[in-house]
Structures are given as structure tokens and as C-alpha cells.
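> this is a predicted model, with the sequence first.
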Amino acid sequence: MATASTADYAPSPSDRPAAWLRRVRRICAVLGIALLTSACGLNATLGNTQINVQSGSPDGQVNSLASGLELVFLLTLLSLLPAILMVMTSFTRIIIVLSFVRNAIGIPQLPPNQVLIGLSLFLTIFVMAPVWQEINRAALQPYLAGEIDQRTAFDRGLAPLRQFMFEQAREKDIALFMNLGNLPRPRNPDDVPTWVLVPAFILSELKTAFMMGFVIFIPFLIIDLIVSSTLMAMGMIMVPPVVVSLPFKILLFVMVDGWDLLVRSLVSSFA
């Protein structure tokens, strides 16, 4: 009994364009049905899962489109949460000062970046705890209880954060961005927009962090100068001063309980 080879079932060169044309038509038909159902509204139930896609009605009934937009807004806010944490809280000042300490000692790899970021994060949570508690009391809990709408909750939640930034931002920096934005002179803090307050707060935090870093560098710089002068006087010019001064800087930092003083100074600077 003769068997057919695979070549007998392969389409001939003349049939190949027709086969591709049928496939393209099927794909276009499926896409057309999908677009039609998404535009007109689709109510489908699969087991216990119900899919409801519809447009809003002018009579004020609840629409799923608004819920979808709320979900998109929430996901966008979560994606921007790291940036908000860095620029609108105490995180910027803390991480910069800790980085200055590491470089001043002379060991850029210790403590590791993960340790510094973790310490900065928890110090930020500690410093910002009163602000978080006020936001939770005035905005989050009333909104979850259905007592206020989203706009009111946003305004109430932003107020404690603005108050914190006003306490740390310099008037000179706020005036700088008000002038750059061609805005009138504010009569009270409420006249300062948030989009002006945030960059002014960041600039003030950078200035404060660099001032604290300069103070931290001074004792370690003195140790480096003393070690370098001693080595030059002894004629040991081939010995790197960093190798000799590093143990003395670590010893000084440990003897004065440097981490305790550093954390105390950082937290007190926000009081």
C-alpha cells in the first residue's frame, strides 16, 4: 500500500497567496469583532467572573469607566511613590549626609549602598511619622469611611506634607522659584503652589545636606593632614597617607560614637 509523502499535502506555489489571504481575513474579522464589542459594551460572565465594560450614562448612574480611571490613577500614583518619597520627605538630606560620612572616612564601599538606603528609609519613616499619622487621621480614614470625596481627601492629605516642606524650605529658595515662574508675591503660605514649593524644598534640602557634610569632613581632613605631614617629615613619601590615616579615622569615629551622634543630628535637624 502506497503512502503519501508530506510533499503531497503541501500547498502548491499558486495556492500559497490564497492561503495567506484567508488567514489575514480571519485575523481582521477577529480584530473587528473585538473592537466592536469593546466600543458598544460587552457583558459577559465566565463562571463566577463577570466582565462589565460600558460607557457612562448621563442620568448619573454608576459607570465602570470611572472606576477604571480611578484604578489607573492609583497605579500611576504607586509608580511615582519612590520619586515622591525622595523629593517630598526627609530622605534626600539623610542619604546625602550618610554618603558624605562614608566618603569622609575613606571607604566608599562600606557601609554598602543597600545598608545606607535601608537606614535612610527607616530614618525617613521615623522622621515623617507625625506627618503620616496626620494624613491618615485627616484624609485617609474619612475617605475610606465614605465621609469625604477624593478631591477633599487629596487636599487634606497634602496639607500636612506642605506644612512639613514649608518648615524646612528657605524663604530665599521659595522666592527664587516664585520669580522664575513670574508669580505674584504670596500673601500667605496658601498662595504658594505645590509645584513651586517642591523644588524649593529640594534645593533647601541639598544646601542643608552639603553644609552638614562639610562639618563632617573637617575632623577627618585634619587627621589626613596630620598623617601626611608626619610621613613627609619622616621621609616616607612612598607610603600612601590614606593607608595610615584610615585606621585612625575609624578609631576616632568609633570612640566618639559617631553613628549615634550622626543619627541624633539628622533627626534633630528636622525638629
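Perfect, thanks for sending it. Numbers count the residues shown, from 1 in each chain.

> the spatially most central residue of the chain in helix, strand or coil?
In the chain, the C-alpha nearest the mean C-alpha coordinate belongs to Pro82, at 1.6 Å (Cα atoms, centre = their mean). Under DSSP: H, G, I helix; E, B strand; the rest coil, the three-state class of Pro82 is helix.

> and Lys172, how many neighbours does it have?
Burial of Lys172 is recorded as 11 neighbouring residues (other Cβ atoms under 10 Å). Any C-beta I mention is one placed from the backbone N, CA and C, and that applies to glycine too.

> no wait, Phe164
Look at Phe164: counted by other Cβ under 10 Å, it has 20 neighbours.

> so it touches Glu134, yeah?
No. Checked against Cβ atoms under 8 Å, the pair Phe164 and Glu134 is beyond contact range at 9.5 Å.

> could you measure from the residue nearest to the centre of the chain over to Pro111?
Distance, Pro82 to Pro111, by Cβ to Cβ, to the nearest Å: 21 Å.

> can you check Gln150 too?
42 Å.

> higher neighbour count, the two?
Neighbour count, other Cβ under 10 Å: between Gln150 and Pro111, Pro111 has more, with 15 against 10.

> so the more buried one is in which element?
Remark: Pro111 resides in no helix or strand, with elements defined by DSSP states H and E.

> how about the closest residue to it other than its chain neighbours, what does it touch?
Spatially, and ignoring its direct neighbours in sequence, Pro111 is nearest to Arg102 (6.7 Å; Cβ to Cβ, 6 or more residues apart in numbering). By Cβ atoms under 8 Å, 6 or more residues apart in numbering, Arg102 lies in contact with 108, 110-111, 116.

> between these, which is nearest Pro130?
For those, the residue nearest Pro130 by Cβ to Cβ is Leu116; the value is 24.2 Å.

> could you say what helices and strands the host helix or strand of that closest one packs with?
Leu116 belongs to helix 113-127 when assigned by DSSP H and E. Counting contacts by 3 or more Cβ pairs under 8 Å, 6 or more residues apart in numbering; DSSP states H and E, helix 113-127 packs against helix 91-105, helix 258-268.

> the longest one to helix 258-268, inter-axis angle?
Here the directions of helix 91-105 and helix 258-268 differ by 150 degrees (axes from the mean of the first three to the mean of the last three Cα atoms, to 10 degrees).

> related to what we said a few turns ago, mind checking which of the contacts of Arg102 are buried?
Neighbour-count burial (16 or more other Cβ atoms under 10 Å) applied to those gives Leu116.

> let's verify the closest residue to Arg185 other than its chain neighbours: helix, strand, or coil?
Residue nearest to Arg185 in three dimensions, not counting chain neighbours: Met178, with 7.3 Å by Cβ to Cβ, 6+ apart. Secondary structure assignment for Met178 (three-state DSSP): helix.

> pretty sure Met178 is in contact with Trp195, am I right?
No. With contact defined as Cβ under 8 Å, Met178 and Trp195 do not form a contacting pair (11.2 Å).

> who has more neighbours out of these two?
The residue with more neighbours, out of Met178 and Trp195, is Met178; 19 against 9, by other Cβ under 10 Å.

> make JSON lines from the helices and strands packed on helix 113-127 and add distance to Ala145 and mean pLDDT to it.
Shown next, in JSON lines, are these (distance: least, Cβ to Cβ, whole Å; pLDDT from 0 to 100):
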{"stretch": "helix 91-105", "distance to Ala145": "30", "mean pLDDT": "88"}
{"stretch": "helix 258-268", "distance to Ala145": "33", "mean pLDDT": "86"}
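
> tell me which of these sits nearest to Phe201.
Across the helices and strands packed on helix 113-127, Phe201 has its closest neighbour in helix 91-105 (8.9 Å, Cβ to Cβ).
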